[in-house]
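In: Sharing a model that was predicted from the sequence below.
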Amino acid sequence: MALQDAAGRTDRAGVRAFKTFAWQGVCLTVPENWELVLTQGSYQAGYVRLADEESIRMELRWQTGAAGGSPAGAVDSHVAKLTRDARKRGLDCSVQRNLKLASPAGMDVECYRCTTDRQALAMVAPSAGAWCTCNSWARPRRG
């Protein structure tokens, strides 16, 4: 059975089409229909967002000069922000930390899940003297 993206696109082999997205030294393979919709900041600190026709799908944040700390400290800071944002919108925020989603060789990373009305699977990792946080957003499964 052929896989299709939200727009119904597949490659010639009937498999969902992907492309490479690279920013600030981070390179990811993402679905072809994800588009860059927001950029903020500078080389020192910034943010990019990718979305498809339906929703925000990925966010990438970086902060140079912060690589002396630990991934856990960076996650503490990011989870606090997500929790504040959820509270402002009247939503509960559930966080699961230390998930075994990825373990790049030679890198100290932390992966976690944050669930409100959407679910983010995230990884914080050092990248070229900076901390990078990558969130991939989706609607949580119910039931």
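Out: That came in fine, so what should we check first?
In: how far away is the residue lying closest to residue 115 once chain neighbours are set aside from residue 117?
Out: Among residues not flanking residue 115 along the chain, residue 94 sits closest, at 4.5 Å (C-beta to C-beta, 6 or more residues apart in numbering). (Each C-beta comes from the backbone N, C-alpha and C, glycine too.) Between residue 94 and residue 117 the computed distance is 11 Å (C-beta to C-beta, to the nearest Å).
In: Okay, and the beta partners of residue 125?
Out: Judged by DSSP bridges, the bridge partners of residue 125 are residue 132.
In: if I pick it, what's in contact with it?
Out: Residue 125 makes contact with 71, 104, 107-109, 131-132, 134, according to C-beta atoms under 8 Å, 6 or more residues apart in numbering.
In: Could you check the pLDDT of the residue nearest to residue 115?
Out: Note on residue 94: pLDDT of 92.
In: Quick check: the gap between it and residue 40.
Out: Separation of residue 94 from residue 40 (C-beta to C-beta): 27 Å.
In: which of these two has more neighbours?
Out: Between residue 94 and residue 40, counted using other C-beta atoms under 10 Å, the more crowded position is residue 94 (13 against 10).
In: Give the pairing partners of the helix or strand hosting residue 111; include direction for each.
Out: Assigned by DSSP states H and E, residue 111 belongs to strand 110-115. Counting by DSSP bridges, the strands paired with strand 110-115 are strand 94-99 (antiparallel), strand 119-127 (antiparallel).
In: contact partners of that strand?
Out: If you take C-beta under 8 Å, 6+ apart as the criterion, strand 110-115 is touched by 71-72, 74-75, 79, 82, 93-102, 119-124, 135, 140.
In: Please point out which parts of that strand sit buried.
Out: 110-112, 114-115 (16 or more other C-beta atoms under 10 Å).
In: which stretches of the chain form strands?
Out: 18-23, 26-31, 35-41, 45-51, 56-64, 94-99, 110-115, 119-127, 130-138 (DSSP state E).
In: pLDDT below threshold where in the protein?
Out: Low-confidence segments of the chain (pLDDT under 70): 1-15, 65-69, 127-130, 139-143.
In: let's see it at 90
Out: 1-17, 22-28, 41-47, 54-56, 58-79, 81-82, 98-112, 114-143 (pLDDT under 90).
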